[in-house]
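Trainee: This is the structure alone, sequence omitted:
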Ligand SMILES: O=C(O)CCC(=O)C(=O)O
Ligand SMILES: [Fe+2]
């Protein structure tokens, strides 16, 4: 059956222009319908963004990729993961993310903070694993990337197949999902973190999986 001319159901269930998540009014700023890519406003307060950066700062390591967790030129940022329920701030943000993504946080890979300096980037990739990978047994289904600061220049999240570019704005987020039966739709979620040109870029990423991770 098709709904509104779309071929498949989505995980994300929010419509209209605002919804509540843990006492916060999240704003739906724009959506690309299939694959679903939603731009969200007012996801984190300025104070929450600043606090996440402060807590992450001393724990950043060069980012790794894929199931082998190797350092690779595809991704030149630095990153760290918070543990589930690590502190009150993380508990609160995880609850809000769960409400937005409509998936329990136990299905998550842990909230990840990434930092990009000028010239650093995350080249085009999909967040799900190829069927040949061990990690595909409990594959990823959806992603939210929350921007923790305003980047002076560059650092957009780019979806080349959709010809869509999202500009980082402090407290806003881009959500997308790739759990469609039709794999051709999933492939369209290919995306990249464009090189930062001026300033720094800080994001918080949550990847969700089909089943519990713990
Ligand atoms: O930094 C970005 O804009 C994208 C981050 C990303 O693709 C990811 O964390 O999976
Ligand atoms: Fe990604």
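Mentor: Yep, it's here. If you're wondering where the values come from, they're calculated on a predicted model, not measured in any experiment. Ligands and ions are numbered 1, 2, ... in the order given.

Trainee: can you tell me the residue of this structure closest to ligand 1?
Mentor: Using CB to the nearest ligand atom, the single residue of the chain nearest to ligand 1 is residue 193, 3.0 Å away. All C-beta spots, glycine's among them, are computed from the backbone N, C-alpha and C.

Trainee: residues in contact with that residue?
Mentor: Taking CB atoms under 8 Å, 6 or more residues apart in numbering as the criterion, residue 193 is in contact with 77, 114, 116, 121, 122, 155, 156, 157, 158, 201, 203.

Trainee: mind checking pLDDT for it?
Mentor: On the pLDDT scale, residue 193 is placed at 97.

Trainee: neighbours of the residue nearest to residue 171 when sequence neighbours are not counted, just the number please.
Mentor: In space, and not counting its chain neighbours, residue 171 is closest to residue 44: 4.9 Å by CB to CB, 6 or more residues apart in numbering. Counted with other CB atoms under 10 Å, residues neighbouring residue 44 total 25.

Trainee: before we move on, what about residue 152?
Mentor: Residues within reach of residue 152, counting by other CB under 10 Å, total 13.

Trainee: By residue count, tell me the biggest helix in the chain.
Mentor: helix 88-101 (DSSP state H).

Trainee: Contacts for that one, please.
Mentor: For helix 88-101, contacts defined as CB under 8 Å, 6+ apart pick out 11-12, 14, 20-22, 24, 26, 40, 43-44, 48, 51-52, 55, 82-85, 104-105, 108, 111, 142, 144, 173, 175, 204, 206, 208.

Trainee: Show me what counts as buried in that helix.
Mentor: Under the neighbour-count criterion of 16 or more other CB atoms under 10 Å, helix 88-101 has 90, 93, 94, 96, 97, 98, 99, 100, 101 buried.

Trainee: average pLDDT across it?
Mentor: Across helix 88-101, pLDDT averages out at 97.

Trainee: so after the lowest-mean-pLDDT helix or strand in the chain, what's the next helix or strand?
Mentor: Every helix and strand of the chain was ranked by mean pLDDT, DSSP states H and E. The lowest is strand 70-71, at a mean of 56. Note on strand 70-71: by DSSP states H and E, the next helix or strand toward the C-terminus is strand 78-81.

Trainee: packing partners for that following strand?
Mentor: Strand 78-81 is packed against strand 61-62, strand 112-116, with contacts defined by 3 or more CB pairs under 8 Å, 6 or more residues apart in numbering; DSSP states H and E.

Trainee: Can you list the strands that that strand pairs with?
Mentor: Using DSSP bridges, strand 78-81 pairs in its sheet with strand 61-62 (antiparallel), strand 112-116 (antiparallel).

Trainee: ok, and what's touching that strand?
Mentor: Taking CB under 8 Å, 6+ apart as the rule, strand 78-81 contacts 56, 59-63, 109-115.

Trainee: Distance from the chain centre to that strand, please.
Mentor: 14 Å (CA atoms, centre = their mean, to the nearest Å).

Trainee: buried residues in that strand?
Mentor: For strand 78-81, burial by neighbour count (16+ other CB under 10 Å) applies to 78, 79, 80, 81.
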